[in-house]
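Q: fold the following, please.
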Amino acid sequence: MKTIGLIGGTSWYSTIDYYRIINESINNSLGNNASAKIFLYSVNYEEIVTLTKKGDWNSIELIISKATKKLENAGAECMLLCANTMHTIADEIQSAINIPLIHVVDVVLKALEQKNIKAVLLLGTKYTMKGSFYAERLEKKGIHLLIPDLNEIEQINNTIYNELGKGLLLPATKELYLNIIEKYVRLGAAGVILGCTEIPLLIHQADCAVPIFDTTLLHASAAAAFALG
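A: The predicted structure follows:
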C-alpha cells in the first residue's frame, strides 16, 4: 500500500471527511483492520484565509510548498490539497515536488465524463468559481461550465468563509444553495460540482434532482485508489 500525503486544515471540518473516506475505502477493499497509510499536514486556516482575501498567492504557495516537501521527505508517495481553492496554485505545487499531486479537477472531470455530463454548474469560493483551473480543464473536454451571477458568487463565498468553514450548517443557507441550483438546472446545468470541500457538509444528492459531484468524496476516493494501485 502506498502512503498518502494530505495538506489539510482548509478547513479541518472537511479534512476530517478526507481522512474518514480514505480509511473507509481502504477498509472496504482490504477488510479486517486495514486502514490507510497517511501523512497529514494541517495548516492554520486563519492564516490561509487572510492571505487568500489579500490575493497573496505567493505567500500561500510558499506555505503549501514547504508543507508538501515535508510530507514528501517523510515518505508520502502522492499529494492531495484538501481544498478546491488551493488548486489555484496546484501547478506550482506539483513543480515543487517529485511525487504526483492528485488534482481535484482531473478527478471531477473523470466523473463527469462517466455520466456524459456536457453542462455543469460550479459552486465554490469566489476564487474557485471565477478562477481558471476548472474552466480551462473542463472546456478542453467540451464540457460547458456554468457559474452563478456576481451577487450569488458573493453570497456563496460569504457562507463558505463565515459559516461552513466554521462548522455552521444553517437551514437558510441550504435553501439559498438549493434555489441557486434549481435556477441553473433550468438554464441547462445537467449536474452540480460541489467545488468547495465544505459544501458537501450541507448539500447532499438527496437534495437535488440532478447528479451532484462531491469533490471531497471523489478526491479522497481517488487517493485511496492510488494507494491500493
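Q: now the strands for the chain?
A: Using DSSP state E, the strands found in the chain span residues 3-8, 37-42, 78-81, 119-123, 144-146, 192-194, 212-214.
Q: direction included, what does the fourth one pair up with?
A: This means strand 119-123. Here strand 119-123 has these sheet partners by DSSP bridges: strand 144-146 (parallel), strand 192-194 (parallel).
Q: ranking the ones you listed by burial, who's on top?
A: Neighbour counts (mean count of other C-beta atoms under 10 Å) averaged over each of the strands paired with strand 119-123 peak at strand 192-194, with a mean of 29. Placement of C-beta: from N, CA and C, glycine included.
Q: quick check: mean pLDDT of it?
A: Averaged across strand 192-194, the pLDDT comes to 98.
Q: off-centre distance for it?
A: 10 Å (C-alpha atoms, centre = their mean, to the nearest Å).
Q: what's the answer for stretch 22-38, then?
A: Using C-alpha atoms, centre = their mean, the offset of stretch 22-38 from its chain centre is 21 Å.
Q: measure residue 173 to residue 229 for me?
A: Here the distance between residue 173 and residue 229 works out to 38 Å (C-beta to C-beta, to the nearest Å).
Q: could you do residue 215 as well?
A: Applying C-beta to C-beta, the value for residue 215 to residue 229 is 20 Å.
Q: quick one: which of the two has more around it?
A: More neighbours surround residue 215 than the other of residue 215 and residue 229, with 28 against 8 (other C-beta atoms under 10 Å).
Q: show me what contacts that one?
A: With contact taken as C-beta atoms under 8 Å, 6 or more residues apart in numbering, residue 215 is in contact with 84, 104, 107-108, 193-197, 200.
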